[in-house]
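Enquirer: turn this into a structure:
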Amino acid sequence: MDSNYIASLINSTLRSTTPVLLVALGSAICSQVGVFNIALEGQMLIASFTSIVVNYLTGSVLLAIIAGIISGTIIGAIVAVVQVKYQAADMVVGNSLNLLVAGLTSILLFVILGVRGSFSSPDLIPLGKMNISFIRALPFIGRVLADLTVVDYISYVIAILMYIFLFKTVAGFRVHSIGINKEAAESLGVNTLKIRMAAVAFSGALSGLGGSVLSMGQVTLFTENMTAGRGFIAMAAAGMGQNHPLYVIGSSLLFGAAQTLSVSLQNIIPSQLTMTIPYIITIIALSVFGYRTRKQKSMK
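Expert: The predicted model follows:
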């Protein structure tokens, strides 16, 4: 196994991680305010579809990303109103929205683009790559960071900024306190309803950006249900990372590596089996994390 192959695997892992990381950060911010948002899958899927449609109709990647963020935010806002404000059951709201988006994107795929199943076109413009000359010239690092998009880098910046906001600012401590003890936060005058609704809407924006990367990053196309459970994997990544933005980076990289492994093994193992690898790793990782968490609690 030479250095070029290793660099290629790491590069693929980084690119596969970005959509999961962005959605996992959205899940983390929801958990920080005590909201269990399982509509992340739908938020991500609607953004993937919207981005491709706007990309195809306008030829603008920037407008496509903005459209993806807006569409994800809209679904997030629906969750905020129905689940947070009116206190509907989280499982019912999340699953209903996920099913609604899955059906809606399938219908609109035919109505708007005139195809069923999937859509691709030479007119679609992928996300731009950041190929900085002096970085590309580096022996190993250059190959690791080759062809990463602007959003790949931005996702890590967002994680760092979220950490600074949540743990280094007064406003962030207020957000953090809601998830720890909502009643205590309210007694101190914190408007928990507005903050929780804003956090869920923001998770929609992050999921929207993740969905845009999914359909315009490594590939430039849309297929029905192309998120393939990544929203739920992102929730697992957030849980493994204890909803801490910096820890979520590490857990998301684990799932990005699992995705890369599943693709790289398709030449020697039937694809039906390799496609299960990310989900098997998700189950194992959550089991280990759950066991360690229970053990730590029992020792206190």
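
Enquirer: alpha carbons only for contacts and neighbour counts from here, please
Expert: Will do.

Enquirer: what about the helices in the stretch 51-200 of the chain?
Expert: 61-79, 90-113, 133-136, 141-144, 150-168, 170-180, 182-187, 192-216 (DSSP state H, counting those that start in this stretch).

Enquirer: buried sites along the fifth one?
Expert: Okay, so that is helix 150-168. 151-152, 155-156, 158-159, 162-163, 165-166 (16 or more other CA atoms under 10 Å).

Enquirer: again, but for the longest one
Expert: For helix 192-216, the neighbour count (16+ other CA under 10 Å) marks 192-193, 196-216 as buried.

Enquirer: so it versus helix 150-168, what angle?
Expert: Taking axes from the mean of the first three to the mean of the last three CA atoms, to 10 degrees, helix 192-216 and helix 150-168 form an angle of 160 degrees between their directions.

Enquirer: which element is encountered next along the chain beyond helix 192-216?
Expert: As assigned by DSSP states H and E, the chain's next helix or strand after helix 192-216 is strand 222-223.

Enquirer: tell me which strands that next one pairs with, and in which orientation.
Expert: strand 118-119 (antiparallel) (DSSP bridges).

Enquirer: okay, now the unreliable bits of the stretch 1-150 of the chain?
Expert: 1 (pLDDT under 70).

Enquirer: cutoff 90 now
Expert: Scanning the stretch 1-150 of the chain for pLDDT under 90 picks out the ranges 1-8, 128-147.

Enquirer: got it, and the stretch 201-300 of the chain?
Expert: Applying pLDDT under 90 to the stretch 201-300 of the chain flags the ranges 217-219, 228-229, 258-300.

Enquirer: what comes up buried for the helix or strand containing G256?
Expert: Taking DSSP H and E as the criterion, G256 maps to helix 245-264. Buried residues in helix 245-264, defined by neighbour count with 16+ other CA under 10 Å: 245-263.

Enquirer: distance from the lengthiest helix in the chain to the middle of the chain?
Expert: Among the segments of the chain that qualify as a helix by DSSP state H, the longest is helix 3-32. On the basis of CA atoms, centre = their mean, to the nearest Å, helix 3-32 is displaced by 9 Å from the centre of the chain it belongs to.

Enquirer: tell me the angle of that helix relative to helix 170-180?
Expert: If you take the same axes, to 10 degrees, helix 3-32 sits at 80 degrees to helix 170-180.

Enquirer: mind listing what's buried in stretch 177-192?
Expert: 177-179, 182, 185, 190, 192.

Enquirer: quick check: the farthest pair among these?
Expert: G179 and V190 (12.3 Å; CA to CA).
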